[in-house]
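Student: Need coordinates for the following:
(one chain, ligands or ions: 1)
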Amino acid sequence: MEVPNFKIKSVEGIKLIPREERIKSIEKAGLNVFLLKSDEIFIDLLTDSGTNAMSQEQWSAIMKADESYAGARSFDNFKNSISKVTGFEFILPVHQGRAAEHILDQVLIEEGQSVLGNIHFDTTEAHIQHRKGIPVNCVIEEAFDCEKELDFKGNICLKKLEKLLEKNKENTAYVLHTVTCNSGGGQPVSMQNIREASELCKKFGVLFFLDAARFAENAFFIKQREKGFQNKSIAEIVLEMFSFADGCTMSAKKDAIVNMGGFIAFRKKELYEKCVPFGILFEGFPTYGGMSGRDLEAVAVGIKEGIQEDYLSYRIGQVKYLGEKLSEAGIPVMKPIGGHAVFVDGKKFLEHLPQEQFPAHTLAAELYIESGIRAVEIGTLLAGRDPETKENKMPALDLMRLTIPRRVYLQEHMDYIVEAMKKLKERKEKIKGLKFTFESPVLRHFWSKFERVK
Ligand code: F0G
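Tutor: All right, here's what the predicted structure looks like:
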């Protein structure tokens with residue numbers, strides 16, 4: 001058992017509303033957990049993004065923040081801290097990860113160009129498409145096998161990457177390696193894979209970026225699982241990971257343990273300078289970029305806390321605890337257990353439902369009714385439609401993600417989640433699938449509504 005490296009000084013009450021009210025709430029939300037109100041939720045596992053508990057050091061830094069429009073002292077703290085952790089010199093602040101994607105894609109993508117990666121996150125993919133680019137996922141085949149135990153299931157298939165670069169390097173905007181691979185179950189990427197992908201990019205003269213949202217969790221897995229890293233500190237591993245990249249996009253709402261923030265980091269000044277005007281246009285002056293001085297200070301402290309080994313050991317240990325208990329209870333979960341979440345195999349859990357009826361999304365709605373827990377679908381609903389054929393994409397993975405916010409819930413909460421899933425398992429054959437009553441045109445999982453299939 002991993003013991004948390006903190007004790008609790010301030011708490012927020014939560015309440016389980018009665019089952020009849022939960023049924024009414026989810027019906028009113030069009031059977032879409034995104035449309036529930038937080039007061040209707042008991043344990044919120046929608047995301048680990050921006051839902052983290054900050055430390056007393058972060059809160060006290062916030063009190064000292066400088067809210068100057070330009071040249072704020074808080075920006076220097078933000079920049080220096082990020083540069084120290086990542087090794088990148090040029091840092092452009094943005095309000096969250098997708099804003100980083102917005103700016104970078106504006107500068108790097110020409111119409112018809114591809115962006116290659118392991119598996120692009122949904123906002124990443126949508127931003128590439130918004131620039132009329134083509135997102136291409138090149139993750140290793142094993143990533144799509146929920147049962148397969150492999151240390152680094154987030155790795156890019158280097159053969160595939162090489163083939164695509166050979167064939168099409170002029171039409172490749174850049175390569176983006178996502179660490180850890182969220183859409184593939186929070187699975188890590190090995191140092192060797194980062195290095196080799198980067199070497200291929202160099203060979204073909206293509207830029208290599210990391211989507212670093214969960215870089216610290218990835219580094220922890222490298223330390224645990226990759227030969228030669230056991231005696232290195234997380235800080236050293238992190239620096240080595242970034243040393244292979246030309247830059248990174250970052251949603252600080254994850255591994256920098258804050259509620260809002262992000263950045264793009266660059267090794268070279270030229271690309272930073274190209275992005276600055278769009279930063280000003282979309283996000284604000286380059287010393288605040290959509291963040292308040294308070295947000296900048298919280299990241300400056302949080303990004304250092306995020307790479308503490310005792311914290312990461314508790315964090316990854318908590319997720320593992322949940323995953324192993326669920327697995328012992330016969331719940332089909334993605335193996336091995338990922339960094340920020342446990343992913344339940346929707347197609348397997350609700351095997352009587354066809355994929356068009358969104359098994360993992362259906363499961364999330366039913367879990368809410370059963371327990372007041374809010375999980376989220378990472379699967380068929382999120383995948384959306386093929387832009388050419390307009391048909392629903394049918395991704396190999398249809399998962400329900402139980403995402404664990406950082407430093408928020410206790411082991412007892414994990415046990416409650418396991419009990420809830422067990423109860424759901426007992427009545428799973430009776431669960432009916434879902435169909436749209438309204439389908440939102442962009443990133444449809446956030447805003448669409450559903451009814452049960454008769
Ligand atoms: N990249 C990855 C790997 C992400 O997981 C996310 C967000 C983003 C980029 C976009 O960052 O939300 O700050 O704009 N993931 C959240 C999630 C939303 O729930 O997994 P953002």
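Student: Ends of stretch 142-161, what's the gap?
Tutor: End-to-end distance for stretch 142-161: 16 Å, by CA to CA, to the nearest Å.
Student: from what I can see Ala61 touches Ile303, true?
Tutor: No - look at Ala61 against Ile303 with CB atoms under 8 Å: they stay out of range, at 11.8 Å. Yep, even glycine has a C-beta here, placed from its N, CA and C like the rest.
Student: and the two? which has more neighbours close in?
Tutor: A count of neighbours by other CB atoms under 10 Å puts Ile303 above the other of Ala61 and Ile303, at 26 against 21.
Student: Just confirm yes or no for the helix or strand where that one lies near the ligand.
Tutor: Under the criterion of DSSP states H and E, Ile303 resides in helix 293-305. No - Helix 293-305 stays clear of the ligand (CB under 6 Å from any ligand atom), getting no nearer than 12.0 Å.
Student: Report the next helix or strand after that helix in sequence order.
Tutor: Sequence-wise, the next helix or strand downstream of helix 293-305 (DSSP H and E) is helix 309-328.
Student: just to revisit the earlier point, what mean pLDDT does the helix holding Ile303 have?
Tutor: For helix 293-305, the mean per-residue pLDDT is 98.
Student: Kindly export that helix (C-alpha atoms) in PDB.
Tutor: Taking C-alpha atoms only, helix 293-305 is exported to PDB below (Å, rounded to 0.1, in the frame of the first residue of the first chain):
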ATOM      1  CA  GLY A 293      -0.800  35.900 -12.100                       C
ATOM      2  CA  ARG A 294      -2.300  33.500  -9.600                       C
ATOM      3  CA  ASP A 295      -2.500  30.700 -12.100                       C
ATOM      4  CA  LEU A 296       1.100  31.300 -13.200                       C
ATOM      5  CA  GLU A 297       2.300  31.000  -9.500                       C
ATOM      6  CA  ALA A 298       0.300  27.900  -8.900                       C
ATOM      7  CA  VAL A 299       1.900  26.200 -11.900                       C
ATOM      8  CA  ALA A 300       5.400  27.400 -10.900                       C
ATOM      9  CA  VAL A 301       5.100  25.500  -7.600                       C
ATOM     10  CA  GLY A 302       2.900  22.600  -8.800                       C
ATOM     11  CA  ILE A 303       5.100  21.500 -11.600                       C
ATOM     12  CA  LYS A 304       7.900  20.800  -9.100                       C
ATOM     13  CA  GLU A 305       5.500  19.000  -6.700                       C
END
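Student: Can you tell me the closest non-neighbouring residue to the residue of the stretch 51-200 of the chain found nearest the ligand?
Tutor: Nearest to the ligand, among the residues of the stretch 51-200 of the chain, is Gly97, at 2.4 Å (CB to the nearest ligand atom). Spatial nearest neighbour of Gly97, chain neighbours left out: Ser251 (2.7 Å); criterion: CB to CB, 6 or more residues apart in numbering.
Student: again, but for Met54
Tutor: For Met54, ignoring the flanking residues on the chain, the nearest one in space by CB to CB, 6+ apart is Ala298 at 6.1 Å.
Student: Near that neighbour, how many residues? Count them for me, please.
Tutor: Neighbour count for Ala298, taken as other CB under 10 Å: 30.
Student: thought it was touching Lys253?
Tutor: No - judged on CB under 8 Å, Ala298 makes no contact with Lys253 at a distance of 10.5 Å.
Student: residues shared between the contacts of these two?
Tutor: Here Ala298 and Lys253 share the contacting residues Asn259, Gly261, scored by CB atoms under 8 Å, 6 or more residues apart in numbering.
Student: Gly372 and the ligand, how far apart?
Tutor: Per CB to the nearest ligand atom, to the nearest Å, Gly372 is found 19 Å from the ligand.
Student: Show the pLDDT at the residue nearest to that residue when sequence neighbours are not counted.
Tutor: Take Gly372 and drop its neighbours on the chain: the residue closest to it by CB to CB, 6+ apart is Phe42, 3.1 Å away. If you check Phe42, the pLDDT there is 98.
Student: ok, now which ones touch Phe42?
Tutor: Applying CB under 8 Å, 6+ apart to Phe42 gives the contacts Ile14, Lys15, Leu16, Ile17, Ser371, Gly372, Ile373.
Student: Phe204 touches Lys169, doesn't it?
Tutor: Yes - when contacts are counted by CB under 8 Å, Phe204 is listed as touching Lys169 (4.3 Å).
Student: which of the two has more neighbours?
Tutor: Counted by other CB under 10 Å, Phe204 and Lys169 do not tie: Phe204 has more neighbours, with 17 against 13.
Student: How many residues are close by the one residue in the stretch 201-350 of the chain that gets nearest to the ligand?
Tutor: Nearest residue of the stretch 201-350 of the chain to the ligand, counting by CB to the nearest ligand atom: Ser251, 3.2 Å away. Neighbour count of Ser251, defined by other CB under 10 Å: 29.
Student: Same question for the one 3 residues further on.
Tutor: For Lys254, the tally of surrounding residues (other CB under 10 Å) stands at 28.
Student: quick one: is stretch 375-393 near the ligand?
Tutor: No - Stretch 375-393 lies out of reach of the ligand by CB under 6 Å from any ligand atom, never closer than 6.8 Å.
Student: Centre of the chain to that stretch, how far?
Tutor: For stretch 375-393, the separation from the chain centroid amounts to 17 Å (computed by CA atoms, centre = their mean, to the nearest Å).
Student: Other residues contacting that stretch?
Tutor: Stretch 375-393 has contacts (CB under 8 Å, 6+ apart) with 33-34, 45-47, 122, 129, 182-183, 343-344, 346, 355-356, 358-361, 363-364, 367-368, 394-395, 397-403, 443-445, 448.
Student: buried subset of the residues you listed?
Tutor: With burial judged by 16 or more other CB atoms under 10 Å, the buried subset of the contacts of stretch 375-393 is 33, 45-47, 122, 129, 182-183, 343-344, 346, 355, 358-361, 363-364, 367-368, 395, 397-403, 444-445, 448.
Student: Return only those of those found close to the ligand.
Tutor: Filtering the buried ones among the contacts of stretch 375-393 for proximity to the ligand by CB under 6 Å from any ligand atom leaves Thr47, Asn182.
Student: Among the buried ones among the contacts of stretch 375-393, name the ones in helices.
Tutor: Mapping the buried ones among the contacts of stretch 375-393 onto helices (DSSP state H) picks out Asp122, Gln129, Gly346, Pro359, Ala360, His361, Leu363, Ala364, Leu367, Tyr368.
Student: No further questions, thank you.
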